[in-house]
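Student: Need coordinates for the following:
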Amino acid sequence: MLTAAASEPLIWDDAAETMPREQLAAIQLDHLRETVARVLGGQPLGAARLADAGISGPGDVGTLDDLPKLPFAHKNDLRENYPFGLLAVPREEIVRVQASSGSHGKPTVVAYTRADLESWTELMARSMTMAGVRPGMLIHNANGYGLFTGGLGFHQGGERIGATVVPVSGGMTARQAMLVRDFQADVLVATPSYSLVIAQALQDAGIDPEDNTLKLGLFGGEPWTEGLRTKIDSALGIKAINFYGLSEMCGPGVATECLTAREGLHVQEDHFLVEVIDPADGTPLPHGTDGELVFTTLTKEALPLIRYRTGDLGAITTEPCACGRTTARLIRLGGRRDDMMIIRGVNLYPSQVEQVILAADGVGPHYRLILERPGPMDEVTLECEPSALDGDRERLRQTLEKNLKESTGVRIAVSVLDPGSVPRSEGKAVRVVDRR
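Tutor: Next up is the predicted model:
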């Protein structure tokens with residue numbers, strides 16, 4: 001139901017995306033009570049926790065201000081109840097199962113009823129319209145398909161809008177570049193890091209960014225900085241749009257930047273309640289304060305989750321956006337809590353290092369951090385590449401080591417490798433290699 005708004009871009013669901021916040025709060029409260037009832041009626045772990053918190057029925061949630069009284073859910077809940085222990089419906093009502101990569105143990109399994117899939121498809125159509133996708137555009141989808149939610153999420157949304165979707169998936173990068181060129185793609189869907197690998201393949205094929213047909217890049221699946229966005233915009237001649245999602249909620253489609261402003265990611269608040277808490281003690285933080293993002297599903301049937309601690313860091317704002325949407329926005333997304341490295345007593349995030357790297361002249365966007373413990377203390381080495389073959393590598397090394405020490409407070413050794421030496425990823429980039 002594509003409807004025109006007073007300002008570009010077009011809005012997929014005007015009623016949901018531009019409603020007054022007082023009206024939105026009333027809808028959220030109704031949906032929150034429905035979620036509480038769903039958990040109490042069908043999810044034993046969640047029901048036991050609600051009972052321990054004094055919640056015996058949806059009527060015990062009087063207002064949205066009661067949300068902090070409800071117990072948290074955690075990623076370990078999904079792992080410990082693998083595969084289907086958190087379902088709130090009979091397994092026979094599930095029409096699809098997807099999962100995380102399981103790189104840190106058993107995967108976190110998520111499930112969808114037919115209504116869940118319909119909601120997710122609508123959310124992706126809404127999000128992709130917000131990002132600038134229009135009927136008839138050709139979408140080159142280089143996200144992985146399979147259990148990973150990224151490929152199928154964008155596929156469903158693109159088809160719902162009326163775009164043409166090419167389900168390329170990841171890998172065979174030279175072929176990716178050929179198809180982008182030959183099919184004259186308008187939109188690239190990938191992780192930010194893999195988009196740069198495709199950009200290099202296009203360059204190797206002799207295609208100038210100004211000559212390719214790409215207009216938009218829809219990227220998510222890993223943290224990325226404004227500096228990396230600038231590199232991607234330049235390398236592909238596009239506007240890069242940030243998507244935020246997690247499989248526990250639905251996949252991509254939880255929050256998205258609008259093409260109009262690209263200043264914060266609009267949360268689909270009629271489907272998800274968002275909070276920011278102090279990561280240390282779990283207390284709610286006011287808008288504009290950085291902390292851990294917490295989400296509550298409001299419409300999901302198969303796997304309702306109340307106050308799910310994501311481990312992702314950021315803040316929220318409800319300040320008006322130039323696009324006319326009234327939904328809250330995620331700002332200052334800073335990666336994940338478990339990405340944090342403690343080096344000689346100093347907290348260090350990969351995103352901090354990326355900001356320093358991309359602010360320096362003469363360095364390429366590909367890098368990784370090597371953690372080692374050759375003696376009693378941890379040591380960090382940054383492996384990176386020059387942006388040109390004839391660059392002064394020794395000067396670049398000295399500059400980066402100085403800037404990193406000043407910015408992070410950590411002494412990081414820098415190794416400037418030959419171009420192409422830092423391993424590339426076809427999905428989520430591996431930024432940290434821990435050899436301790």
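
Student: Please enumerate the strands of the stretch 151-300 of the chain.
Tutor: 164-166, 187-190, 216-219, 239-246, 251-257, 265-267, 272-277, 291-297 (DSSP state E, counting those that start in this stretch).

Student: Mean neighbour count, mean pLDDT and distance to Gly153 for those - can I get that in JSON lines?
Tutor: In this view, the C-beta of every residue, glycine as well, is placed from N, C-alpha and C. Putting these into JSON lines (neighbours: other CB atoms under 10 Å; pLDDT from 0 to 100; distance: least, CB to CB, whole Å) gives the following:
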{"stretch": "strand 164-166", "mean neighbour count": "18", "mean pLDDT": "98", "distance to Gly153": "11"}
{"stretch": "strand 187-190", "mean neighbour count": "28", "mean pLDDT": "98", "distance to Gly153": "9"}
{"stretch": "strand 216-219", "mean neighbour count": "26", "mean pLDDT": "98", "distance to Gly153": "10"}
{"stretch": "strand 239-246", "mean neighbour count": "23", "mean pLDDT": "97", "distance to Gly153": "7"}
{"stretch": "strand 251-257", "mean neighbour count": "28", "mean pLDDT": "97", "distance to Gly153": "4"}
{"stretch": "strand 265-267", "mean neighbour count": "24", "mean pLDDT": "98", "distance to Gly153": "15"}
{"stretch": "strand 272-277", "mean neighbour count": "20", "mean pLDDT": "98", "distance to Gly153": "15"}
{"stretch": "strand 291-297", "mean neighbour count": "23", "mean pLDDT": "98", "distance to Gly153": "16"}
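
Student: From one end of stretch 368-387 to the other, what's the distance?
Tutor: 15 Å (CA to CA, to the nearest Å).

Student: So which residue is dead centre in the protein?
Tutor: Nearest residue to the geometric centre of the chain (CA atoms, centre = their mean): Tyr244, 3.1 Å.

Student: Next one: it from Gly362, what distance?
Tutor: 32 Å (CB to CB, to the nearest Å).

Student: isn't Ala37 right up against Ser56?
Tutor: No: in this structure, Ala37 is not within contact of Ser56 by CB atoms under 8 Å, at 10.9 Å.

Student: Please say which of the two ends up with more neighbours.
Tutor: Ala37 (16 against 12; other CB atoms under 10 Å).

Student: Which pLDDT value does the model give the more buried one?
Tutor: We have a pLDDT of 98 for Ala37.

Student: Are we agreed that it is in a helix?
Tutor: Yes: the assignment for Ala37 is a helix, going by DSSP: H, G, I helix; E, B strand; the rest coil.

Student: Quick check: chain neighbours aside, which residue is closest to it?
Tutor: Distances taken as CB to CB, 6 or more residues apart in numbering put Pro58 closest to Ala37, at 4.6 Å, once the chain neighbours are dropped.

Student: so who does the one you found touch?
Tutor: Arg33, Glu34, Val36, Ala37, Leu40 (CB atoms under 8 Å, 6 or more residues apart in numbering).

Student: roughly how far apart are the closest residue in space to the third one that isn't next to it in sequence and Pro90?
Tutor: Closest residue in space to Val36, ignoring its immediate chain neighbours: Pro58 at 4.7 Å, by CB to CB, 6+ apart. Between Pro58 and Pro90 the computed distance is 21 Å (CB to CB).

Student: For burial, what's the neighbour tally of Arg91?
Tutor: 11.

Student: same question but for Asp434, I mixed them up
Tutor: 11.

Student: do you know how far the closest residue in space to it that isn't next to it in sequence is from Val410?
Tutor: Leaving aside its sequence neighbours, Asp434 sits nearest to Leu371 (CB to CB, 6+ apart; 4.6 Å). Per CB to CB, Leu371 is found 11 Å from Val410.

Student: Just give me the closest of the contacts of Pro58 to Phe148.
Tutor: Glu34 (29.1 Å; CB to CB).

Student: Look up how far Gly220 lies from the residue lying closest to Arg262 once chain neighbours are set aside.
Tutor: Take Arg262 and drop its neighbours on the chain: the residue closest to it by CB to CB, 6+ apart is Ile241, 6.8 Å away. Separation of Ile241 from Gly220 (CB to CB): 9 Å.

Student: rewinding a little: now render the strands of the stretch 151-300 of the chain as TSV, adding distance to Pro419.
Tutor: Below are the strands of the stretch 151-300 of the chain laid out as TSV (distance: least, CB to CB, whole Å):
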stretch	distance to Pro419
strand 164-166	29
strand 187-190	21
strand 216-219	23
strand 239-246	23
strand 251-257	31
strand 265-267	33
strand 272-277	40
strand 291-297	37
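
Student: tell me the contacts of Ser425?
Tutor: Taking CB under 8 Å, 6+ apart, one finds Thr191, Ser193, Tyr194, Val197 in contact with Ser425.

Student: 6 Å instead, please
Tutor: Ser425 makes contact with Ser193, according to CB atoms under 6 Å, 6 or more residues apart in numbering.

Student: same question, Arg309
Tutor: Phe72, His74, Val294.

Student: Next: His266.
Tutor: Counting by CB under 6 Å, 6+ apart, His266 has contacts Thr256, Arg325, Thr327, Arg329.

Student: same thing but 10 Å
Tutor: 17, 126-127, 130, 244, 254-258, 321, 323, 325-330 (CB atoms under 10 Å, 6 or more residues apart in numbering).

Student: Take those residues and keep only those in helices.
Tutor: Counted as lying in helices by DSSP state H, out of those, are Glu17, Arg126, Ser127, Met130.

Student: need the helices for the stretch 101-250 of the chain, in chain order.
Tutor: 114-130, 149-161, 173-183, 192-204, 226-236 (DSSP state H, counting those that start in this stretch).
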